[in-house]
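Q: predicted model and sequence below, questions to follow.
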Amino acid sequence: MHSHGTCPPPPREADNRTAPDSRTSPDSRMTPGDFDASFTADMPRLRRRLLALTGNPHDADDLLQETYLRLSRRARSQSLTRQQHPYAYTCAVALNLLRDSWQHPSRRERTTDQLPEAGWDGGLASYEASATALALLGMLSEKEAAAVILVDLEGLTHDTAGERLGAHRGTVQRNRLRGLAKMRAALHH
């Protein structure tokens, strides 16, 4: 039985997909079409192997894709030689990539409690939020809108907002609560 960290030995029978390894002959180079056919034939088996090694289908698929990209670049540049045992070679490349990811943890994804950055939408979400907020504030009385703007948008305390508006903190608080209640009711309809 083979360990999970190594590829199985090459099969003893001849592989019909490859020519004998001759590094000097132009025929020893794989064309991109030959490589695609060989990789496609080996892909299900390689994915099962990578899934067993990583324990995660997403990591296995990422590694499978990286292996394909690494080898296909070489095939396109005509620097990939035909292999006598293509699965073993492809598996070795995939294992090297996996070991490389273990040796360089900075290349791996990290879990975090931070939310990802907001996606770029050209400012549409920000515009929609502003337009909605303005429409909701437009439904309020001047005193209610002023209280919501000063306390909720500008972050002032009820006392400071009262000083700016020339009103008691309790009045600012009541106007703010009425305004927020109207805004919530409008959003739920």
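A: Right, received. Where do you want to start? Numbers count the residues shown, from 1 in each chain.
Q: who touches the helix or strand harbouring R73?
A: Under the criterion of DSSP states H and E, R73 resides in helix 57-76. Contact partners of helix 57-76, identified using C-beta atoms under 8 Å, 6 or more residues apart in numbering, comprise 30-32, 34-36, 39, 43, 46-47, 50-51, 53-54, 80, 90, 93-94, 97-98, 101. Quick note: C-beta positions are derived from backbone N, CA and C, even for glycine.
Q: what mean pLDDT does that helix have?
A: For helix 57-76, mean pLDDT is 88.
Q: may I have the helix or strand just after it exported as CSV, CA atoms only?
A: With elements assigned by DSSP H and E, the helix or strand that comes after helix 57-76 is helix 86-103. Listed next in CSV are the C-alpha coordinates belonging to helix 86-103 (Å, rounded to 0.1, in the frame of the first residue of the first chain):
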residue,chain,number,x,y,z
PRO,A,86,2.3,10.6,-17.7
TYR,A,87,0.2,10.0,-14.6
ALA,A,88,3.2,9.5,-12.4
TYR,A,89,4.8,12.6,-13.8
THR,A,90,1.7,14.7,-13.4
CYS,A,91,1.2,13.4,-9.9
ALA,A,92,4.7,14.3,-9.0
VAL,A,93,4.2,17.8,-10.2
ALA,A,94,1.0,18.1,-8.2
LEU,A,95,2.7,16.8,-5.0
ASN,A,96,5.5,19.3,-5.5
LEU,A,97,2.9,22.1,-5.7
LEU,A,98,1.2,20.8,-2.5
ARG,A,99,4.5,20.5,-0.6
ASP,A,100,5.3,24.0,-1.8
SER,A,101,2.1,25.3,-0.3
TRP,A,102,2.9,23.6,3.0
GLN,A,103,6.4,25.1,3.1
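Q: which other residues reach the helix or strand following helix 86-103?
A: Proceeding N to C from helix 86-103, the next assigned helix or strand is helix 124-138, under DSSP H and E. Among residues not part of helix 124-138, those counted as contacts by C-beta under 8 Å, 6+ apart are 118, 145, 148-149, 183, 186-187.
Q: can you do 6 Å?
A: With contact meaning C-beta atoms under 6 Å, 6 or more residues apart in numbering, helix 124-138 is reached by 145, 183, 186.
Q: same thing with stretch 173-186?
A: Stretch 173-186 has contacts (C-beta under 6 Å, 6+ apart) with 136, 139-140, 143-144, 147-148, 151, 158.
Q: how about those residues in TSV, adding distance to A125?
A: Putting the contacts of stretch 173-186 into TSV (distance: C-beta to C-beta, whole Å) gives the following:
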residue	distance to A125
L136	16
M139	22
L140	23
K143	30
E144	26
A147	26
V148	21
V151	24
H158	30
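Q: most neighbours among the residues you listed, which one?
A: A147 (28 neighbours; other C-beta atoms under 10 Å).
Q: so what's that residue up against?
A: Here A147 is in contact with 172, 175-176 (criterion: C-beta under 6 Å, 6+ apart).
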